[in-house]
Every structure is written in structure tokens, then in C-alpha cells.
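Engineer: Here is the input, now give the coordinates:
(chains A and B)
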Amino acid sequence: MSRIRANTATALLARGEPMVWLSGGGLVVALLMVAGLVGFVFWQGLTTFWPGPVLQIQTRDGNVVLGEVTRQESFRPEPGMAELQEKSAARALKEELAGGAGRLERRLIRTGNYELTGEHFQWVEQFRIPMGGQTTPPWALVLERTAWGRFYGELVAYVVDDSILSTDSESAWALFRKNHDGAEDPLPEGHALRLRISTGVTHDVPLQDIVRAYAPNQLGLGGKIGVYFGRWFEFLTAEPREANSEGGVWPALFGTVIMTLGMTILVVPFGVMAALYLREYAQGGLMISMVRIAINNLAGVPSIVFGVFGLGFFSYIIGGSIDAIFFADKLPNPTFGTGGIMWASLTLALMTLPVVIVTTEEALAAVPNSMREGSYACGASKWQTIWRVVLPRSLPGIMTGAILAMARGAGEVAPLMLVGAVKLAPELPVDGVFPFVHPERSFMHLGFHIFDLGFQSQNSEAAKPMVFTTTMLLMGIILFLNGAAIYFRSHLTRKFTGSKF
Amino acid sequence: MTANEAKETQMAETKTMDRLASIAAGEIVETRIHPELAEEESILDISDFNLWYGEKQALFDVSMTLPRGKVTALIGPSGCGKSTLLRSVNRMNDLIDTVRIDGSMNLGEGNIYGPGVDVIELRRRMGMVFQKSNPFPMSIFDNVTYPLQINGERNKSVLRDVCEKALRGAALWDEVSDRLQESALGMSGGQQQRLCIARAIAAEPEVLLMDEPCSALDPIATTRVEELILSLRGEYTVLIVTHNMQQASRVSDYTAFMYLGQVLEYGPTARMFTNPLLQETEDYITGRFG
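Structural biologist: The predicted structure follows:
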């Protein structure tokens, strides 16, 4: 019996069935992690700009809150919380506690109006809201402003220089549409919207401060889609406002792409040349082995170390020398002697160099020796053989190296913080001002932008949605750059190695 | 066959085996060269050529001449140095670091291994076809005209003429004339090998070296390549290495039999295959060893 069972086990292994499941399982785990991460980021990023309704909530103690719900959660109340409430609220609280296994629901309402209340958000517990305490006023407006964040209020009137032009909401809104959305720059001075805020008092918001205004409770699906894509357009094309938590990311988007392309242009020729020497010219031996080990070790150096090196060597030593020779009249203000997009590209190029060298060497080694011999037999010199036969044949492999380098470089943040990525740099490194390309300028980077929004922002709750949209954008860019390179590579593969059959 | 005759044959075989064993033990034997070769005009003169891979000697005192305009085949068991000898002619062995040589090879008047010889220039005077077809990753046109292009030839009409002539010479023109700009890597195996032959003859070399050109081809493609070699006879001097005895007898005018780095016998193919001077040659050709 035992012999038969042993044979069965051997046969199972021989067929390789368990190995298929094992390797398949590994793939599934990897796919789930990727899908989970990408799905979470894209879901959060895609829903951020969708305009939700504006709620007006009157709590049992008479407070009125006006704003949008940003999230909802359940929490465990501190003991004795019920005793602090007035009677009806305490009753509701106890009922909810009994029904919800000791947990209470609450919602975070974005109330805005920071200059008046000193707060952007407010928690509202569910038990505080009496029956019918939650309404959606039709003329509740959301104003996105150039400063102080959002403003929530009910439209009352349209005011020009302290004289009221229109007293009903509808005509005031029509006037606003005519003078704001339909007007040419600059917006008319002295015009303002008068809004009644949650406390009942009115407040005037000058037209010039308003970026976008809409009445979400009246918007149909088309209007909501309009606001959604309007926000995306602003996000992709405008400069950031409000310490980066509002507005767009155009400078960061531009800086990321330019920095990555610059890095790729710098790293690929150097990496390919180094690999060519190692693989085609060097005679082997201890020295070459040591060089290879050093290159592989370079790939394991923490990226921040490259940042330190870039700052010390590129910015201070090389940049400082350039300043001393060419920009002496501007000193002590540094021109090249500080972080800049060129130094950032160079630093990242140095960081991704091992990737390019190793993959290029692999690609060169994969070129059959018979091809080289065929070329030599035709009377080609070594360089002619490399240039005309070996390099074209290994181009797809070299492209793989470039793709890996690009993906690594575009997603890198730590070294950039030292060599030129900054919180806000509205001046782009390429613009219409002579000499059009400004390699010395500091720049914005999406990766750094994510860090800045997520961890350096004073209003982190408001910045959070932007973290997701920016992450999504960065992933999209890397996907696009890689996709373009992969398409190019498959084209090359067909041309240089594939057959048509 | 009487018992006596059978005994004689067996004794002869034993004698051959003894001789082969003594060659294996390091004895240098003199090459038996048929007198017909003396009447041919020689293009390549190899004399007392020795070659070492590091410590291991691969060629021993090889001396032979290559008749102009004729096809000469190198036969012999695996590892006997056929390919090494072939690759010594255009100095492809230079690519291997440990190779050391002694003796001389004269192409026309100049010594191939003389001091100050431009190896690149030398290789341009020879064409080479390899065991495995090795088209370059470029178009058919660029493949064929590669030897001229690397020599600096830019004139499109010259290149076109050469391309057509070489492809016609390799019996490939009719098949590919309408897709010269397509990648050569999309061709079939037999076509690729004929393309390599076209490339080898594009620069009109003095000597065409072929290293088992049919070993990776199917019988039909082999027949085409053999026909091609026959058609090249007269115009080109061909040195071909082959494992296939029938092939050697079909395509070559002269045959050299090599064994363990030495040329044992060298003569007209017809005589080598029917009435060789050495018993060893006959034994190898009839398949008794090797």
C-alpha cells in the first residue's frame, strides 16, 4: 500500500501539477496586490472631483452646519458622553448605541468659510440630528476661491459697490453667470455675491476671489459632469493654489515629464557606452569583475545617498564653479550652484545607471557570436560590427533598460528633495522667455507633490483627495511613458529579431 | 572472399589502426599529395602551418596549396582541425585570444600572417559562409551590400548592381527581388543561407571559405546550395569544410583528408574517393572509422 502511495506522489511531482498551482498562486497574489493598490488609488482619485450635494443640518442643540459630506465612520463613544447631552439627544444616542453594538455613526462635513469659523471641517454625530434636521437648500452654493479655501452659503443677492442689484436668488445667479463665467478678464471690480452662511448672517464674496461657483443641489447629471471635467481640466492645466491643496498640478506634471525625459536622455547613452566597453572591448579578468560588482552594488545604494551626492557634487562643486566663472555678478545668489532640474536629471541618471548597464550587457551578450563573426568575415572593423550589427540587434534589450530606468526615475522622490524639487515653482523649466530652456531652475515634481500634500500640508484633510488624484496622475504618466517605450520596443523587435511567419 | 584474403584485409585494417594510434600518440606523418595538384595554378600556399589553442596544438605542419578557380573540400572526423584550418585562412582565429600560430600562408605573393598585414583588408579579399546562417538585423539589400557599405561605398546605383549580381549568383534574386527592403530575418532557413552566400560573394572575393554550409539545411535547400557551389566553380576559388562525404564528392574538384590536425592525403576528388593512396583515407571514406 505504502509503495503505491509513494509512486502516486512521485507521479504527481513528475507531472508537475503542484508546481503549476504554486506558481499560479504566486502570480495571483502578485496580481491581487497590484490590482488592489491601483484600484484603490484610481477609485479614490476618480471620485474626488465629483460634486456631492450640500447639506444643511440643524442639530438638536440649534447649531446649523452647511457643507459637503467628505467621509463617514463609526466610532466608540467615550463613557459618560450621554450624560453631557440634553435629553432628546441622549435618548437618540442610547438607542443608537443599543442598535449599533456600542458604536456611533458620524460624518465629517466640509464646512469651509475658514476666515469666519477658523475651521475647514466639522464632525457631526448622527444622534444629534433630529428628524427632518437635514435639508438640501436649493440655493446653497459652493464657491472655490483663490484664497481661504471653499465657501459654503445660500445665495441671497448680487451686490455691486454696496448697492443690491438683485434680491432673489435666481436673478442673482443669472447676473453672476453673466459677469463671472461669461465675462472677459479681468473680472469686474466691486461685484460680489451675498451669501447667507449657516449662522444666518450674510457675507459678501467678491467676484474676483471666485474661481468656480455652482449650486450642487440644483445640478442635473449633465451639470455635475460639467463640474467634474471642469475640475479635471483645472487640475491638469492650472497652477496650484492654497498651499497646493487646491488648483492644479500643471507645473509638477510638466516638471516630472521634463525631468524624466532629461534623465533618460542622459543615462541611456552613458549606460550603453559603459556596457559596450565591458562586454565588447574589455578583456575580462579581476578588474572587470570588480567593476561589475561595483555597478551591481551601486544599484543597492539608497536613493537619498545619490541625492546627497548630487547636491554636494553637481550643485555645489560643479554648479558653484559655473557660477564663479559665468554668473559672478549675481553672487552670492546662486544660479547653477543650487538645486535645479538639470542637476536632478543628472542625479537620477547616476542612480539608474546600473539598471541600464546591466540590462544592456545582457542584451549585448544575447547577440549571437555568429553574427559578429559574420561581420568580421566581411572585413568589418570592431566598431563597424558593433554599430551596424550588435547595437541594432540589442536595441530592444537596451529599450528594456531604458524603460526600467524611466519607471524608477519617475517614481523617485527622496533624492529630488535635495537637488531641486520644491513645493512651489510656477516658473517652468521650459518656457517662452529667452533662452527658452532653463536647466538651472528648480521645479515641481508629482512625487514630491504627493509627499508635500500628504504630510506637509496644514490642511491635510482638504489635501487628501489631491494626494489620490496626484498619485493617479503620476501612475498614469509612468504607464504612458512605459507604454510608449514598450510599443517602440515591440516595433524594434519585429524589425530586428522577429520573423513574419 | 577466401579465408586468406579475409585475413589480409583484417591485417591491413589492424595496420591502419596501428598507424592511426601512432598519429594520435603524436607522430607527424608526411602528407601524401597527388601529382595532379602540381599542374594547377595555386592561389593559396600553406606551408608548415602549426596552430595552438593555448597549450593544445590543433594543426600540425599543414602544407598544401589551393588551386585557383577550383572547389577544394576538407574532410575528416570531428575535431580534426578542418574548421580551424579554414578559419586560419582569413585569420578569424585572431578573435580567440589564446591562439598562437607558426608557419606561413601566402595569398598570391603576400603572407597572410606577415608583419603589418591589415587583417580587415585581408578579410575583404575573402568571403566566408558559416555553418549556421547569420544574416544581420537589417534589410536584405543592406545584408548583401554590407561588405561594400563598410568599405565606404555610398553610390546607390553601384550598390544596387552589386546586390542584384550577388543575389543572382546565389540563385536568390527571383525569390526576393520584390522585397529587398524587408528584414532578412523574415526569410526561411535555406534562403538565409543563400543570402549569406550572396553576401560572401558580393565583394568578389579571391577565395570563398565555406564552413559546413549545408549542415543546418533540409535536403532541398542543400541541393540548391550545392548547385550554387558548382555554378561558382571557375569564377571563385572555394574551400569548403564538410562532414558529408557525398557532398564532397558531388561539389569538389579536390579533397584533402585531415586527421587529428594533420593533412594525411590531398588529391583530386575522383581519385580520393575511388583509389586513394592511403588505406586510412579509404577506411574513412567507406565509413570504417570516424
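
Engineer: for the record, mean pLDDT for the helix or strand encompassing A:Ser321?
Structural biologist: A:Ser321 belongs to helix A:320-326 when assigned by DSSP states H and E. Taken as a whole, helix A:320-326 has a mean pLDDT of 83.

Engineer: and the next element down the chain from the helix or strand containing B:Gln57?
Structural biologist: Assigned by DSSP H and E, B:Gln57 belongs to strand B:56-67. With elements assigned by DSSP H and E, the helix or strand that comes after strand B:56-67 is strand B:71-75.

Engineer: what lines up beside that following strand in the sheet?
Structural biologist: Strand B:71-75 has the following sheet partners, assigned by DSSP bridges: strand B:237-241 (parallel), strand B:254-259 (parallel).

Engineer: Backbone dihedrals for A:Pro240, please?
Structural biologist: A:Pro240 adopts backbone torsions of phi -70, psi 150, taken as degrees, to the nearest 10.

Engineer: no, scratch that, I was asking about A:Asn63
Structural biologist: phi -70, psi 150.

Engineer: A:Met81: which of the strands paired with strand B:71-75 is closest?
Structural biologist: strand B:237-241 (96.1 Å; CB to CB). Placement of C-beta: from N, CA and C, glycine included.

Engineer: For the helix or strand just after that closest one, buried residues please.
Structural biologist: Next along the chain after strand B:237-241, taking DSSP H and E as the criterion, comes helix B:245-251. Using 16 or more other CB atoms under 10 Å in any protein chain shown as the test for burial, helix B:245-251 gives B:Met245, B:Gln247, B:Ala248, B:Ser249, B:Arg250, B:Val251.

Engineer: And the pLDDT at the last one?
Structural biologist: According to the model's per-residue confidence, B:Val251 sits at a pLDDT of 92.

Engineer: Name all residues that make contact with the closest residue to it other than its chain neighbours.
Structural biologist: For B:Val251, ignoring the flanking residues on the chain, the nearest one in space by CB to CB, 6 or more residues apart in numbering or on different chains is B:Ile229 at 4.7 Å. By CB atoms under 8 Å, 6 or more residues apart in numbering or on different chains, B:Ile229 lies in contact with B:Val71, B:Met210, B:Pro213, B:Val238, B:Ile240, B:Val251.

Engineer: Show the average pLDDT along whichever strand or helix holds B:Ile229.
Structural biologist: Per DSSP H and E: B:Ile229 is located in helix B:219-232. What helix B:219-232 shows for mean pLDDT is 86.

Engineer: residues of that helix that come out buried?
Structural biologist: By neighbour count on 16+ other CB under 10 Å, the buried set for helix B:219-232 is B:Ala221, B:Thr222, B:Arg224, B:Val225, B:Glu226, B:Leu228, B:Ile229, B:Leu232.

Engineer: Could you verify my assumption that the first one touches B:Gly190?
Structural biologist: Yes: here B:Ala221 reaches B:Gly190: they are 2.9 Å apart, a contact under CB atoms under 8 Å.

Engineer: for the stretch 101-250 of chain A, what spans make up the helices?
Structural biologist: For the stretch 101-250 of chain A, the helices defined by DSSP state H, counting those that start in this stretch cover A:114-117, A:169-176, A:221-237, A:250-276.

Engineer: Out of those, which is the most enclosed?
Structural biologist: Ranked by mean neighbour count under mean count of other CB atoms under 10 Å in any protein chain shown, the helices of the stretch 101-250 of chain A are led by helix A:250-276, which reaches a mean of 21.

Engineer: Please give the centre-to-centre distance between it and its chain.
Structural biologist: Put simply, helix A:250-276 sits 19 Å off its chain's centre (CA atoms, centre = their mean, to the nearest Å).

Engineer: coming back round to it: the strands paired with strand B:71-75 into a markdown table, with extra columns for mean pLDDT?
Structural biologist: A markdown table is the format used below for these (pLDDT from 0 to 100):
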| stretch | mean pLDDT |
| --- | --- |
| strand B:237-241 | 93 |
| strand B:254-259 | 92 |
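
Engineer: wait, is B:Asp48 part of a helix?
Structural biologist: No: counting by DSSP: H, G, I helix; E, B strand; the rest coil, B:Asp48 is located in no helix; its state is strand.

Engineer: Spell out which helix or strand contains the closest residue to it other than its chain neighbours, please.
Structural biologist: Excluding the flanking residues, the one nearest B:Asp48 by CB to CB, 6+ apart is B:Gly103, at 4.1 Å. Here B:Gly103 sits within strand B:99-107, counting by DSSP H and E.

Engineer: so what's the nearest residue to B:Thr98 once chain neighbours are set aside scoring on pLDDT?
Structural biologist: Excluding the flanking residues, the one nearest B:Thr98 by CB to CB, 6+ apart is B:Gly54, at 4.2 Å. B:Gly54 carries a pLDDT score of 89 in this model.

Engineer: Next up, phi/psi of B:Gly54, please.
Structural biologist: phi 60, psi -120.

Engineer: Could you do B:Ser157 as well?
Structural biologist: Torsion angles, degrees, to the nearest 10, at B:Ser157: phi -70, psi -40.

Engineer: Please determine how far it is located from chain A.
Structural biologist: 21 Å (CB to the nearest CB, to the nearest Å).

Engineer: what sits against A:Leu143?
Structural biologist: A:Arg150, A:Phe151, A:Tyr152, A:Gly153, A:Leu193, A:Leu195, A:Val205, A:Ile210, A:Arg212, A:Ala213.

Engineer: For my notes, please list those residues in a markdown table and give distance to chain B, pLDDT and neighbour count for each entry.
Structural biologist: Conversion of the contacts of A:Leu143 to a markdown table gives the following (distance: CB to the nearest CB, whole Å; pLDDT from 0 to 100; neighbours: other CB atoms under 10 Å in any protein chain shown):
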| residue | distance to chain B | pLDDT | neighbour count |
| --- | --- | --- | --- |
| A:Arg150 | 60 | 86 | 21 |
| A:Phe151 | 64 | 90 | 24 |
| A:Tyr152 | 65 | 91 | 23 |
| A:Gly153 | 69 | 89 | 26 |
| A:Leu193 | 67 | 86 | 27 |
| A:Leu195 | 70 | 87 | 25 |
| A:Val205 | 67 | 87 | 20 |
| A:Ile210 | 61 | 86 | 21 |
| A:Arg212 | 55 | 85 | 16 |
| A:Ala213 | 61 | 87 | 21 |
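
Engineer: These in strands, which ones?
Structural biologist: Using DSSP state E, A:Phe151, A:Tyr152, A:Gly153, A:Leu193, A:Leu195, A:Val205, A:Ile210, A:Arg212, A:Ala213 are the members of the contacts of A:Leu143 that sit in strands.

Engineer: Mind giving me the packing neighbours of the helix or strand where B:Pro147 lies?
Structural biologist: Assigned by DSSP H and E, B:Pro147 falls within helix B:140-149. Applying 3 or more CB pairs under 8 Å, 6 or more residues apart in numbering or on different chains; DSSP states H and E, one finds that helix B:140-149 makes contact with helix B:156-169, helix B:189-202.
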